[in-house]
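Visitor: Curious how this folds, go ahead:
(one chain, ligands or ions: 1)
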Amino acid sequence: MYGLVNQAIRDMVVERFGVETWGDICALTGADELFLTMGQYPDELTFSLIESLCKLQGCESDVVLQNFGEYWIDYVAKNYQELFAMAGGDFVTFVKNLNSLHTRVAQMMPELQAPGFSISDAQEGRFVLHYYSQRDGMQPMIIGLFRGLGRRFATAVSLTYLEGKTEGLDHDCFQVEYSRHEDD
Ligand code: HEM
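Guide: This next block holds a predicted model:
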């Protein structure tokens, strides 16, 4: 995984819990204090950063992954403003452009193992989201990512896990319900 992801985890921990907590996580995992954004690191390292944070906070890894997903939206919106803006100005357009967004990211990060997304059963205010990943265990992050997108686009968004890899499918499915805030 690109170091950008580990660096974002580090920044979230330092912002929310302080630099000492980050020091504790480095001690537990043997991770470096900082990461090269464009460097490649084993996926296991990223998962062990998450696990250590759970241990220190006494919470489930699902919760940490959800919170990180939400944080990731603001992180990339700030650090990759132009790419982010190109993907769309409202929730549904943006979701439909997630694959082309990662295709553009892959032009600067050629080793990217990007996620894939598709939509089915679209009706007014709802659709089924299909999330494809070469990795296992990232699906709780999707809930936080979509919470973050909802916040960004003034839209109330709720996700319910339907079925997925846990049930033997090759990808995860979520029911998405959304409604734009009236006064925005
Ligand atoms: C400019 C904005 C973005 C950039 C620069 C970016 C970049 C990245 C990078 C570097 C990774 C790590 C993958 C690897 O190293 O192999 C990643 C993974 C991922 N990204 Fe993005 N991303 C962006 C926006 C988004 C958005 C808006 C979403 C969803 C709402 C998203 C969903 C994911 C997910 C779920 C993964 C985990 C990979 C997996 O499933 O295997 N990203 N992205």
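
Visitor: Gly3 contacts Tyr41, doesn't it?
Guide: Yes - if you go by CB atoms under 8 Å, Gly3 and Tyr41 touch, sitting 5.6 Å apart. The C-beta positions use only the backbone N, C-alpha and C, and glycine is treated the same way.

Visitor: Need the overlap of contacts for these two.
Guide: Shared contacts of Gly3 and Tyr41, defined by CB atoms under 8 Å, 6 or more residues apart in numbering, comprise Phe35.

Visitor: Once you drop chain neighbours, what's closest to Glu60?
Guide: Of all residues not flanking Glu60 in the chain, Cys54 sits nearest, at 6.6 Å (CB to CB, 6 or more residues apart in numbering).

Visitor: what separates the one helix or strand that neighbour maps to from the chain centre, distance-wise?
Guide: In this structure, Cys54 is located in helix 43-57 according to DSSP states H and E. Relative to its parent chain, helix 43-57 has a centroid offset of 15 Å by CA atoms, centre = their mean, to the nearest Å.

Visitor: helix or strand right after it?
Guide: Counting by DSSP H and E, what follows helix 43-57 is helix 61-79.

Visitor: Show me what that following helix is packed up against.
Guide: helix 3-17, helix 43-57, helix 81-86, helix 139-152 (3 or more CB pairs under 8 Å, 6 or more residues apart in numbering; DSSP states H and E).

Visitor: Just send those helices back as a markdown table, with mean neighbour count too.
Guide: Formatted as a markdown table, the helices and strands packed on helix 61-79 follow (neighbours: other CB atoms under 10 Å):
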| stretch | mean neighbour count |
| --- | --- |
| helix 3-17 | 18 |
| helix 43-57 | 18 |
| helix 81-86 | 12 |
| helix 139-152 | 21 |
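
Visitor: Which one, of these, ends up nearest to Ala106?
Guide: If you check each of these against Ala106 by CB to CB, helix 81-86 wins as the nearest, at 11.3 Å.

Visitor: Any residues of the protein in contact with the ligand? List them.
Guide: 1-2, 4-5, 73, 76, 80, 83-84, 98, 101-102, 105, 109, 112-113, 115, 133-135, 138, 141, 145, 149 (CB under 6 Å from any ligand atom).

Visitor: List buried residues within these.
Guide: 1-2, 4-5, 73, 76, 80, 83-84, 98, 101-102, 105, 109, 115, 133, 138, 141, 145, 149 (16 or more other CB atoms under 10 Å).
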